[in-house]
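Q: Dropping a prediction and its sequence here:
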Amino acid sequence: MAEPAKSSPLSELRIALPSLPLRLQEVGRFVAANDYDATTRSMRDLAAEAGADPAAFTRLAKAIGYSGWDELRAALTEARRPSQTSPFSGRAKSRRHGPHADVALVIDKLEAEAAGLPRIPAHPIAEAARALHEAKRIWIAGYRSCRSVAELLNYELRLFRPEQVQLVGASGPDDLDLGAFRPGEAVIVLGFLPYTHASVRVAQAAHCSGATLIAIADSLSAPMAEGAAHVLLFEAASSPGFFPSLTGAIAIAQSLAAVTFSLGGLAAKKRLEHTEARLAAATTYVSEKG
């Protein structure tokens, strides 16, 4: 006989809420309404936003059967992850019915994308940008759908640091670049579940080389985030539709480029102006009609 499916931690929390002390009910409702934040932010940060004592989160976890907050947070993280065997088809929902069903899906999709952006922590991005500013060379790796985000970040950074930014595998086999990582350089790796073996290999090579590893990922437990000096989290799984969202990853990439440029000061501005002049001389863009 098969074992019954284990209920989700959010379901356990909601079922237990009525029997909890009033203060723990308030903390429990906060966690239920902010489960993504609960998986990505520190207990102290969550407590400050909820107006609660950090210890209340530990008491809440124990009250619903967990050993402590870390175990509950791990369960919340795991519950958000799609099946490895059907990461995309497993997300697919039956088509809605009604004259405005398709419009409703678009609205839900746009609202989910917009809601996820404010939940991206800003301070870790600024800290990672400082690491990029100080790096002698910047390597960027993104595979499959994340390749587009990697190429966007590569393009923006090369507008003002053309000799110091490179896509992993852009000029030959990946393994040649993995052997070129050095201390004092930065390696950015992007990924979300299901994670590619290639992204993990890049992250491991960066960590072993002594380069600064920056992971842009959907979870702290992402295998390419192991050993990273900076982990920049985006929400991939909550958006409706069969495919996870890359909106947060794009926002992080563009924020990294913006802050790195700002830190570069006058030198970065002059280099950007030089790039613009070269593009204009090459008539890269269509002329605007007066």
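A: Cool, the structure landed. What you are looking at is a predicted structure, and each value in this text was computed from that prediction instead of being measured.
Q: and the helix ranked longest in the chain, how far from the chain's centre?
A: Counting residues, the longest helix in the chain under DSSP state H turns out to be helix 247-281. Taking CA atoms, centre = their mean, to the nearest Å, the mean C-alpha location of helix 247-281 is offset from the chain mean by 21 Å.
Q: With stretch 176-195 instead?
A: That offset, for stretch 176-195, works out to 16 Å (CA atoms, centre = their mean).
Q: same for the helix or strand of the chain with the lowest mean pLDDT, what does it pack against?
A: Ranked by mean pLDDT, DSSP states H and E, the helix or strand of the chain with the weakest confidence is helix 35-40, at a mean of 77. With contacts taken as 3 or more CB pairs under 8 Å, 6 or more residues apart in numbering; DSSP states H and E, helix 35-40 sits against helix 43-50, helix 69-79. The C-beta positions use only the backbone N, C-alpha and C, and glycine is treated the same way.
Q: Toward the C-terminus, what is the element adjacent to the first one?
A: To tie it back to what came earlier, the one meant is helix 43-50. With elements assigned by DSSP states H and E, the helix or strand that comes after helix 43-50 is helix 54-63.
Q: Residues in contact with that next one: which ones?
A: Residues outside helix 54-63 that contact it (CB atoms under 8 Å, 6 or more residues apart in numbering) are 13, 16, 20, 23-24, 27-28, 31, 43-44, 46-47, 67-69, 71-72.
Q: Show the buried residues in those.
A: 13, 16, 20, 24, 27-28, 31, 43, 46-47, 69, 72 (16 or more other CB atoms under 10 Å).
Q: which stretches of the protein aren't confidently modelled?
A: Low-confidence segments of the chain, defined by pLDDT under 70: 1-7, 80-96, 289-290.
Q: How is it partitioned into domains?
A: Domain segmentation of the chain under the TED database yields 7-80, 120-282.
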